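> Starting from these lines, generate the structure:
(2 chains)
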Amino acid sequence: SQTIHQWPATLVQPVGSPLSLECTVEGTSNPNLYWYRQAAGRGLQLLFYSVGIGQISSEVPQNLSASRPQDRQFILSSKKLLLSDSGFYLCACSSLGFGANVLTFGAGSRLTVL
Amino acid sequence: AQSVSQHNHHVILSEAASLELGCNYSYGGTVNLFWYVQYPGQHLQLLLKYFSGDPLVKGIKGFEAEFIKSKFSFNLRKPSVQWSDTAEYFCAVINNNDMRFGAGTRLTVKP
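Numbers count the residues shown, from 1 in each chain, chains lettered A, B, ... in the order given. Just a heads-up that it's a prediction; the model follows:
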């Protein structure tokens, strides 16, 4: 079965500093990868998804970017954080075949921008 | 882009009461539908899913959901809730790798 590792689990950063959240996947190959932001009362907001190396679809114009340098690695970045970037970020994956489109989620990364 | 609406923000029930959580989506094409659950302090996990076939799908822990295509709905039901069902429930829709979630419904079950 698939396992997702996300780090760091928590992060406190000043406004204007850069960001890098990492997500790696085990137990599958060629997964679809997703970054979501979870906010209380607003559910999960899809930020980016990727169907392959170097292929990124952005859903919400914002201060963040994503990259997929390897098949099972997905990185969420920012050059300069804003206060509004604070939140809980979830990485998820799905893979082809039986159970396709079923997402497995990581434990999340809580970002606080001060 | 498709969207998902969950109309109930917070539902409070007593144990043994029946549950129905509403979910409507906007996309008119072929979609796969899901309910995910997040228990306090735990990861999101799949409760049930609909891909095709019988529109009444059964999931774990006695939950079921009915896909009504004409109403663009996929409501979640359970005939008798338990205190352990206290959690946040998310409806989700996927089309062509684009998976969207609703805002979530927090369910509190009083013992």
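
> low-scoring stretches of the chain, by residue?
No chain in the question, so chain A it is. A:41, A:61, A:96-100 (pLDDT under 70).

> that's the wrong chain, I meant chain B
B:1.

> residue boundaries of the helices in it?
With DSSP state H as the criterion, chain B has no helices.

> Get me the contact residues on it for chain A.
Counting by CB under 8 Å from any CB of the partner chain, chain B comes close to chain A at B:1, B:6, B:9, B:32, B:34, B:36, B:43-46, B:49, B:51, B:90, B:92, B:94, B:97-104. Every residue, glycine included, has its C-beta placed from N, CA and C.

> Give me the PyMOL select line for those residues, limited to the buried ones.
A single PyMOL command selects the buried members of these (16 or more other CB atoms under 10 Å in any protein chain shown):
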select buried, chain B and resi 6+32+34+36+44+46+49+90+92+94+98+99+100+101+102+103+104
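
> out of the residues of chain B next to chain A, which are inside strands?
B:32, B:34, B:36, B:44-46, B:49, B:90, B:92, B:94, B:98-101 (DSSP state E).

> which two of these lie the greatest distance from each other?
B:Q45 and B:D98 (21.0 Å; CB to CB).

> I'd guessed A:F48 sits against A:S58; true?
Yes: taking contacts as CB atoms under 8 Å, A:F48 lies within contact range of A:S58: 5.6 Å.

> residue contacts, the residue most central in space within chain A?
Closest to where the C-alpha atoms of chain A average out (CA atoms, centre = their mean) is A:W35, at 3.0 Å. A:W35 sits next to A:23, A:46-49, A:66, A:74, A:76, A:89-91 when contact means CB atoms under 8 Å, 6 or more residues apart in numbering or on different chains.

> just B:N75 next, same as before
Shown in contact with B:N75 (CB under 8 Å, 6+ apart): B:20-23, B:65-66, B:68.

> repeat that with 7 Å
Counting by CB atoms under 7 Å, 6 or more residues apart in numbering or on different chains, B:N75 touches B:20-23, B:65-66.

> Narrow those to just the buried residues.
Using 16+ other CB under 10 Å, the buried ones in those are B:21, B:23, B:65-66.

> what's the closest of the residues you listed to A:L83?
Taking CB to CB as the measure, A:L83 sits nearest to B:C23 out of the buried ones among the contacts of B:N75, at 32.1 Å.

> so what's that closest one closest to, chain neighbours aside?
B:C91 (3.5 Å; CB to CB, 6 or more residues apart in numbering or on different chains).

> tell me, which strand in chain A spans the most residues?
strand A:43-52.

> List the contacts of the helix or strand following that strand.
Per DSSP states H and E, the first helix or strand lying C-terminal to strand A:43-52 is strand A:55-58. If you take CB under 7 Å, 6+ apart as the criterion, strand A:55-58 is touched by A:48-50, A:66-68.

> go with 6 Å
A:48-50, A:66 (CB atoms under 6 Å, 6 or more residues apart in numbering or on different chains).

> Name all residues that make contact with A:I4.
Counted by CB under 6 Å, 6+ apart, A:I4 has contacts A:25, A:91, A:93, A:104, A:106.
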